[in-house]
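Asker: no sequence for this one, just the structure:
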């Protein structure tokens, strides 16, 4: 039985307004997937960038595998994302034309044990937007607390 791994980028929901979500496969080496299955990865500072017609996740941190040998992977490197041509073209158009950015939201493993990266097409929030989202979270938390008491 495989353990499900969910590594979230909580900062992305605070800093960006998410317009569209996609799930992409990610090209990994053997030691990288082993580290992810141990839960030793971080995507808070990462972003996605086009290189030609291919999409890469940049600045994604996957800790070196402790039982690896001299063929161990680099902790921070570019990792290729696997998407359909239509999805890549639509993402490229929206990033170039509208000034949006692509941010990784969640790194997880599916039922088969394959690592997937949920990416979001995002627009940066202004400071007043961030304050509004914090107020909404506070009111939801207070309402939940009140409901729990009764």
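Answerer: Done, it's in. Only a predicted model underlies this, so the values are computations on that prediction, with no experimental measurement involved.
Asker: residue contacts, residue 33?
Answerer: By C-beta atoms under 8 Å, 6 or more residues apart in numbering, the contact list for residue 33 reads residue 115. Bear in mind the C-beta positions are built from the backbone N, C-alpha and C, glycine included.
Asker: For my notes, confirm it occurs in a helix.
Answerer: Yes: assigned with DSSP: H, G, I helix; E, B strand; the rest coil, residue 33 falls within a helix.
Asker: contacting residues for the residue nearest the centre of the chain?
Answerer: Nearest to the geometric centre of the chain sits residue 104, at 2.3 Å (C-alpha atoms, centre = their mean). Applying C-beta under 8 Å, 6+ apart to residue 104 gives the contacts 9, 12, 43, 46, 47, 48, 57, 60, 117, 118, 119, 120.
Asker: Looks to me like it is in a strand.
Answerer: Yes: counting by three-state DSSP, residue 104 is found in a strand.
Asker: quick revisit: which of the contacts of residue 104 tops the neighbour count?
Answerer: For those, the largest number of neighbours (other C-beta atoms under 10 Å) sits with residue 119, at 29 neighbours.
Asker: what helices or strands is the helix or strand containing that one leaning on?
Answerer: Using DSSP states H and E, residue 119 sits in strand 115-124. Using 3 or more C-beta pairs under 8 Å, 6 or more residues apart in numbering; DSSP states H and E, the elements in contact with strand 115-124 are helix 10-15, strand 16-26, helix 85-98, strand 101-109.
Asker: in its sheet, what does that strand sit against?
Answerer: Paired strands of strand 115-124, with direction, are strand 16-26 (antiparallel), strand 101-109 (antiparallel) (DSSP bridges).
Asker: Tell me which of the ones you listed lies nearest to residue 132.
Answerer: Residue 132 lies closest to strand 16-26 among those, at 11.0 Å (C-beta to C-beta).
Asker: mind listing what's buried in stretch 101-121?
Answerer: Using 16 or more other C-beta atoms under 10 Å as the test for burial, stretch 101-121 gives 101-109, 115-121.
Asker: For residue 52, find the nearest of the strands paired with strand 115-124.
Answerer: Of all these, strand 101-109 sits nearest to residue 52, with 15.3 Å by C-beta to C-beta.
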